[in-house]
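**Student:** with the sequence up front, the predicted model follows.
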Amino acid sequence: MAPLPGWVQAWLVCSAVVQTWDASFICLRPHTLPGGALDLYWKPYSLYIEIDLRYKDMADSFVLAQSLLNYVEVFLILVILYMNYKSSSHTVLGTLVAQTMTFWKTVLYMMMYVPPMSDSAVMLGTTDWVELIFLFIIPNGLWILLPAATMWTMWGRAALQGGTQASGKKRR
């Protein structure tokens, strides 16, 4: 089977970089918050934390747990990229698992803002729909759509791989 499609590889690399940056923002607070010693490296977050107040709230253990899971996902992505480089037969399944984690973690995160599931609607710092769409829904939505597309692609490849591994040759 061919290695991971180029777009999946690009997504995994981008995902690892962004997830590391994002998790580090949370784990290094208060130094990454505006005015902190590391603020320079996380300037875009000065706008984001005014929309998603969880990122500003030092007592929010959910956002910390989500960020720690980002590091787990980054580790898995690095292993997957290495397996892909070595043409491992486990690359497809590993990618499917890691992207399923990313997908459902993001869905859970977004559901924390859906009333009546929680009182977390107060954790949104704006009611302006333009701000919500462009600064919250689209950026977070990408972490649902791209993992879903990757899952779809990997599911098809896993099905093809399953047909060739059982007997050692391709089924008809």
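**Tutor:** Alright, I've got the coordinates. Note that the structure is predicted; figures quoted are calculated from it, not measured.
**Student:** please state the offset of the longest helix that the chain contains from the chain centre?
**Tutor:** When the chain is parsed with DSSP state H, its longest helix is helix 138-165. Distance of helix 138-165 from the chain centroid (Cα atoms, centre = their mean, to the nearest Å) equals 14 Å.
**Student:** and stretch 69-85, C-alpha only, in PDB?
**Tutor:** This file holds the C-alpha atoms of stretch 69-85, laid out as PDB (Å, rounded to 0.1, in the frame of the first residue of the first chain):
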ATOM      1  CA  LEU A  69      -4.000  15.000  25.700                       C
ATOM      2  CA  ASN A  70      -2.600  17.300  23.000                       C
ATOM      3  CA  TYR A  71       0.900  16.200  24.000                       C
ATOM      4  CA  VAL A  72      -0.200  12.500  23.800                       C
ATOM      5  CA  GLU A  73      -1.600  13.100  20.300                       C
ATOM      6  CA  VAL A  74       1.600  14.800  19.200                       C
ATOM      7  CA  PHE A  75       3.600  11.800  20.400                       C
ATOM      8  CA  LEU A  76       1.300   9.500  18.500                       C
ATOM      9  CA  ILE A  77       1.600  11.700  15.400                       C
ATOM     10  CA  LEU A  78       5.400  11.600  15.600                       C
ATOM     11  CA  VAL A  79       5.300   7.800  15.900                       C
ATOM     12  CA  ILE A  80       2.900   7.600  12.900                       C
ATOM     13  CA  LEU A  81       5.100   9.800  10.700                       C
ATOM     14  CA  TYR A  82       8.100   7.600  11.600                       C
ATOM     15  CA  MET A  83       6.000   4.400  10.800                       C
ATOM     16  CA  ASN A  84       5.000   6.000   7.500                       C
ATOM     17  CA  TYR A  85       8.600   6.800   6.700                       C
END
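**Student:** average pLDDT for that stretch?
**Tutor:** Mean per-residue pLDDT for stretch 69-85: 97.
**Student:** just to revisit the earlier point, could you say what helices and strands the longest helix of the chain packs with?
**Tutor:** Judged by 3 or more Cβ pairs under 8 Å, 6 or more residues apart in numbering; DSSP states H and E, the packing partners of helix 138-165 are helix 6-27, helix 91-111. All C-beta atoms are positioned from the backbone trio N, CA, C, and that covers glycine.
**Student:** spatially speaking, which residue is in the middle of the chain?
**Tutor:** Most central in the chain under Cα atoms, centre = their mean is residue 102, positioned 4.4 Å from the mean C-alpha point.
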